[in-house]
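Peer 1: Have a look at this prediction, sequence included:
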Amino acid sequence: MYQQDYILRMIEMLGTLWRRLLQALRAVRPEEALTIAERAAGTVAETDLSLIDALTPASLVALLSAGGQLDAVKAVLLGRVLEQRAAALDALDRAPEADAQREKARALLGAAHAVAPEIVAQVDAALDGLSE
């Protein structure tokens with residue numbers, strides 16, 4: 001029950017930003033989408049975006065594993081936000097930066113799937129519900 005409540009609180013925290021991010025990408029407003037994605041990434045990770053950008057994929061996973069256990073909910077949410085950030089960067093012809101975001105997203109999502117595949121499915125379902 002606690003886990004489900006935590007997932008819902010995190011989704012609620014990200015919800016408005018997630019909807020705005022997807023709307024901006026659909027409307028082909030990549031600059032706006034990038035700004036929203038950057039705000040969302042900082043919100044989910046509870047840190048400055050410059051730290052997220054400076055860390056390697058493995059170090060980013062370690063950051064979300066403070067205390068010895070990966071926060072799978074945050075890892076999935078941040079991974080999905082970084083995927084959208086990559087899409088915005090691609091639209092702005094910034095392929096190397098987009099590739100770096102996708103690499104970090106893959107590391108986060110892979111780590112989350114390894115420790116809690118059910119959480120990945122729950123978070124993805126909740127995000128899909130926000131996307132409609």
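Peer 2: Nice, I can see it. Numbers count the residues shown, from 1 in each chain.

Peer 1: Check the gap between the spatially closest residue to Asp124 that is not a sequence neighbour and Ile7 for me.
Peer 2: Nearest non-adjacent residue to Asp124, counting by C-beta to C-beta, 6 or more residues apart in numbering: Val76, 7.0 Å away. Where C-beta positions appear, they are placed from N, C-alpha and C, glycine not excepted. To Ile7, Val76 is 9 Å away according to C-beta to C-beta, to the nearest Å.

Peer 1: Now list whatever residues contact both of those two.
Peer 2: Residues touching both Val76 and Ile7 (C-beta atoms under 8 Å, 6 or more residues apart in numbering): Ile119, Val123.

Peer 1: just the helices in the protein please.
Peer 2: 2-26, 30-45, 49-54, 57-63, 72-91, 95-115, 117-131 (DSSP state H).

Peer 1: Packed most tightly, which of those would that be?
Peer 2: helix 72-91 (a mean of 24; mean count of other C-beta atoms under 10 Å).

Peer 1: any residues touching the helix or strand bottoming out on mean pLDDT in the chain, and which ones?
Peer 2: Of all helical and strand segments in the chain, the minimum by mean pLDDT, DSSP states H and E falls on helix 2-26, at a mean of 83. For helix 2-26, contacts defined as C-beta under 8 Å, 6+ apart pick out 30, 32-33, 36-37, 39-40, 43-44, 73-74, 77, 81, 84, 87-88, 91, 119, 122-123, 126-127, 130-131.
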